[in-house]
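Chemist: Return a 3D structure for these sequence lines:
(2 chains)
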Amino acid sequence: MTVTDHSQATADTAHSHGLGTPTPDASRADRPTSWDVDTFTVPSGREENWRFSPLKDIKPMLQAEDTDGHLEWDIPTLPEGVTISDIDTAAAQERSVRAPGDRASAVAAAHSGGARVLSIAPNTVLDEPLQITVTGTGQDVRGHLLVEAGASSEATIILERKGTATYSEFVSVDLAQNAGLNLVLLQLWDNDSVHAGEVVARLGRDSRLRGSVVTLGGKSVRLNTSAAFAGEGARVDLFGLYFADSGQHQEHQLFVDHAVPRCTSRVTYKGALAGKTARTVWIGDVLIRKEAEETDTYELNRNLVLTDGARADSVPNLEIETGEIAGAGHASATGRFDDEQMFYLRSRGISEDQARKLVVRGFFADLVQEIGVASVEESLMKAIDAELDHVNEELAEEDA
Amino acid sequence: MSTLEIKNLHASVETPEGTKQILKGVNLTINSGETHAIMGPNGSGKSTLAYAIAGHPKYDITEGSVFLDGEDVLEMSVDERAKAGLFLAMQYPVEVPGVSVSNFLRTAKTAIDGEAPKLRTWVKDVKVSMEQLRMDSSFAERNVNEGFSGGEKKRHEILQMELLSPKIAVLDETDSGLDVDALRIVSEGVNRVKENTGLGVMLITHYTRILRYIKPDFVHVFVNGQVAEEGGPELAERLEAEGYDRYLVEA
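Modeler: From the prediction side, this is the model:
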């Protein structure tokens, strides 16, 4: 296991710091946000936020034009206090927590023909998770989604995305005072899908957001998640789990903006990679502004490389503008499941396939438990096993 | 009654300087209940012999044969060898992050037996074995070898050997780096397994000290990839007094 913590970088792991290492943006705070697509030029691939991205796949999503495609929504009977409605573009812009931060999401918001709003009324407490499934049917789709958690509400929302689509989206998540929201985004696309999304969350005073992202499917998935604190005493926990096989690019960018005092953030992302062309990218930016005294933040990214050729990039950035903080740290580690570990397990009678399963299940187990939804946890372990079966088949073919 | 029969074994390894022949015709037969001490200077090829028997991919077998109860070991994959009843206690056990000892042991036991062990007896077996090896019960929840001290790693190897009940075990410098207390605990473990299961042991060591605790039936002096001299326990005493210089001069 190669561990990079604050100071080191490994061959496969880019690792830079907001402090000391200059990036094209002087500060993460300086990146523009806008509803106007033209604010963002078409990326060339040299920009800090696009330099790892598969622009070839994402290109269609950067064209400022409407598409007539849509995803099929499977919405269960909604419990009391929860509504889903459609609003026009002007209203969607008005109600979103902020404007898009890159060209793909600006295009998505401008050309989605309005937005769908999932609203949880103040003081609503959902006892059961609410699961919504959207399915792609092979179309180009642009989406704008709003999730609004009313004051003192408590809910778990699972949004599962599957099927085939070229899908770009802008998702606004608004937590009013003292709201508690567990939002799970499952990317279980078929393997020819391309997905570029930006999720922006605003946390009101004393609110709590658990945001989990699971990316297993898709040819290319690029998900940018931002969380900004708008009131004191709030807490965000962002969890991510990804598993890339050959031919898959999975990219997760995160930005936690500590703009007010006494807020807590934890970011924990773990990824496994298998297959010669498997590729993952994790960029975790944390900004502690001058006003954000007593901030407590920690972000962690771990990658497990199971085979030769796979590449994991991990770039944590921490910008601190005040000395009055409770704690701030980050860690990034990319480890290999190597031949010696394999030999050790096999010398105890454990087959190659089982050995890989043992190691990967162990790697993800604690993270899966953090998602906090029993049904998701169970199906996730099964999905991870299915990924591994696929990997084992691929490796068997390579050997043959 | 099991027999491990090694005949004229040759093994080489690829190095940056080219192919290096390490084993140069090893002949050795180990039966159930017997303890064979393999003693030799550093670099003589003792560990290579252990890894070659276990099937480490780094070593190419260029000549010779290894049979366990008539079955061709060299035809078996690494895990098949373990299932056939071979066990290698490693000199440097490998860390496996994310995999707890208890999960590892259960998975290995299930693989070797072809079925999951009965929960109640299994939990008890693990507990008893850990107690006898003076391993705290918290070990079960730690990740395999992660952050273990040298002595803890070796005790963990013997724990596996006891629970997996092999026919023949190769102990590769299990005594190296252990203090006397740990050496005694580990040796007791080996003797207990021998007594309970009739295990045959190939005890690879650089030092004679462990032979005070594990009594060998045969001693083989290993020099330059071959057995240079064989004898009974008295040979170990002579080695203790004289060291390996005599053989090195001849080589």
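Chemist: Could you use CA atoms for every contact and neighbour count after this?
Modeler: Will do.
Chemist: of all of the stretch 151-300 of chain A, which residue lies closest to chain B?
Modeler: Here the residue of the stretch 151-300 of chain A nearest chain B is A:Lys270; by Cα to the nearest Cα that distance is 12.2 Å.
Chemist: Am I right that that residue sits in a strand?
Modeler: Yes. The assignment for A:Lys270 is a strand, going by DSSP: H, G, I helix; E, B strand; the rest coil.
Chemist: what sits against it?
Modeler: Neighbour list for A:Lys270: A:240-242, A:301-304, A:364, A:367 [criterion: Cα atoms under 8 Å, 6 or more residues apart in numbering or on different chains].
Chemist: which one of those residues is nearest A:Glu48?
Modeler: A:Asn301 (18.8 Å; Cα to Cα).
Chemist: For A:Ala201, state which of the contacts of A:Lys270 is nearest.
Modeler: A:Gly240 (15.7 Å).
Chemist: Please, which helix or strand holds that closest one?
Modeler: Secondary structure assigned from DSSP states H and E places A:Gly240 in strand A:235-244.
Chemist: Would you mind pulling up the elements that that strand packs against?
Modeler: Judged by 3 or more Cα pairs under 8 Å, 6 or more residues apart in numbering or on different chains; DSSP states H and E, strand A:235-244 is in contact with strand A:208-215, strand A:264-273, helix A:352-370.
Chemist: Save these as CSV, and put in distance to B:Asp172 too.
Modeler: Formatted as CSV, these follow (distance: least, Cα to Cα, whole Å):
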stretch, distance to B:Asp172
strand A:208-215, 44
strand A:264-273, 33
helix A:352-370, 23
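Chemist: Could you dump those into a markdown table and include mean pLDDT?
Modeler: Below are the helices and strands packed on strand A:235-244 laid out as a markdown table (pLDDT from 0 to 100):
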| stretch | mean pLDDT |
| --- | --- |
| strand A:208-215 | 97 |
| strand A:264-273 | 97 |
| helix A:352-370 | 91 |
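Chemist: and of the ones you listed, who's closest to A:Gln341?
Modeler: Judging the helices and strands packed on strand A:235-244 by Cα to Cα, what sits closest to A:Gln341 is helix A:352-370, at 8.9 Å.
Chemist: just the angle between the helix or strand just after the strand holding A:Gly240 and strand A:235-244, please?
Modeler: Sequence-wise, the next helix or strand downstream of strand A:235-244 (DSSP H and E) is strand A:249-258. Angle between the axes of strand A:249-258 and strand A:235-244 is 170 degrees (criterion: axes from the mean of the first three to the mean of the last three Cα atoms, to 10 degrees).
Chemist: For strand A:249-258, what is the distance to the chain centroid?
Modeler: In terms of Cα atoms, centre = their mean, to the nearest Å, the centre of strand A:249-258 is set 6 Å apart from its chain centre.
Chemist: Rounded mean pLDDT for it, please.
Modeler: What strand A:249-258 shows for mean pLDDT is 98.
Chemist: Only the buried residues of that strand, if you could.
Modeler: By 16 or more other Cα atoms under 10 Å in any protein chain shown, the buried positions in strand A:249-258 come out as A:249-258.
Chemist: Number of residues surrounding A:Ser375?
Modeler: Neighbour count of A:Ser375, defined by other Cα atoms under 10 Å in any protein chain shown: 9.
Chemist: Can you say which of the helices and strands packed on strand A:235-244 is nearest to A:Gly309?
Modeler: Taking Cα to Cα, strand A:264-273 is the member of these nearest to A:Gly309, at 9.5 Å.
Chemist: The helix or strand following the closest one vs strand A:249-258, what angle?
Modeler: Under the assignment DSSP H and E, the closest C-terminal helix or strand after strand A:264-273 is strand A:279-288. Strand A:279-288 and strand A:249-258 are oriented at 0 degrees to each other (the same axes, to 10 degrees).
Chemist: Run me through the strand neighbours of strand A:279-288, direction for each.
Modeler: Its sheet considered, strand A:279-288 pairs with strand A:249-258 (parallel), strand A:311-320 (parallel) by DSSP bridges.
Chemist: Next, the angle strand A:208-215 makes with the first one.
Modeler: For strand A:249-258 against strand A:208-215, the angle by the same axes, to 10 degrees is 170 degrees.
Chemist: Other residues contacting strand A:249-258?
Modeler: A:53-54, A:215, A:219-229, A:242, A:244, A:265, A:278-289, A:292, A:295.
Chemist: Point out where the stretch 101-250 of chain B drops to low pLDDT.
Modeler: Across the stretch 101-250 of chain B, the ranges flagged by pLDDT under 70 are B:249-250.
Chemist: Contact residues of it facing chain A?
Modeler: The interface of the stretch 101-250 of chain B toward chain A, taken as Cα under 8 Å from any Cα of the partner chain, is made up of B:104, B:107-109, B:111-112.
Chemist: I'd say B:Ser47 and B:Asp172 touch.
Modeler: Yes. Here B:Ser47 reaches B:Asp172: they are 6.3 Å apart, a contact under Cα atoms under 8 Å.
Chemist: Are there residues contacting both of these two? Which ones?
Modeler: Joint contacts of B:Ser47 and B:Asp172 (Cα under 8 Å, 6+ apart) are B:Ile204.
Chemist: more crowded one of the two?
Modeler: B:Asp172 (24 against 19).
Chemist: That one and B:Ala89 touch, don't they?
Modeler: Yes. Judged on Cα under 8 Å, B:Asp172 makes contact with B:Ala89 at a distance of 5.9 Å.
Chemist: which residues in chain B form helices?
Modeler: B:46-54, B:78-84, B:101-113, B:119-132, B:150-164, B:180-197, B:233-242, B:245-250 (DSSP state H).
Chemist: TSV for those helices, including distance to A:Glu128?
Modeler: Putting these into TSV (distance: least, Cα to Cα, whole Å) gives the following:
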stretch	distance to A:Glu128
helix B:46-54	52
helix B:78-84	45
helix B:101-113	32
helix B:119-132	34
helix B:150-164	44
helix B:180-197	52
helix B:233-242	71
helix B:245-250	76
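Chemist: wait, which of the ones you listed is closest to A:Gly163?
Modeler: The nearest among the helices of chain B, by Cα to Cα, is helix B:101-113 at 35.3 Å.
Chemist: Touching that closest one from outside, list them.
Modeler: Counting by Cα under 8 Å, 6+ apart, A:345, A:348-351, A:358, B:82-83, B:116-117, B:139-144, B:160, B:163-164 sit against helix B:101-113.
Chemist: Would you write a PyMOL line that selects the buried entries of these?
Modeler: Filtering the contacts of helix B:101-113 down to the buried ones (16+ other Cα under 10 Å) takes a single PyMOL command:
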select buried, (chain A and resi 345+348+349+350+351+358) or (chain B and resi 82+83+139+140+142+143+144+160+163+164)
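Chemist: A:Gln369 contacts A:Glu377, correct?
Modeler: Yes. In this structure A:Gln369 lies within contact range of A:Glu377 using Cα under 8 Å: 6.5 Å.
Chemist: Neighbour count for those two, which is higher?
Modeler: Legend: neighbour count by other Cα under 10 Å for A:Gln369 and A:Glu377, higher for A:Glu377 (17 against 13).
Chemist: Name the nearest residue to that one, ignoring sequence neighbours.
Modeler: With Cα to Cα, 6 or more residues apart in numbering or on different chains as the criterion, A:Glu377 has its nearest non-adjacent residue at 5.8 Å, and that residue is A:Val368.
Chemist: Okay, that neighbour and A:Ala165: tell me how far apart.
Modeler: A:Val368 sits 26 Å away from A:Ala165 when distances are taken as Cα to Cα, to the nearest Å.
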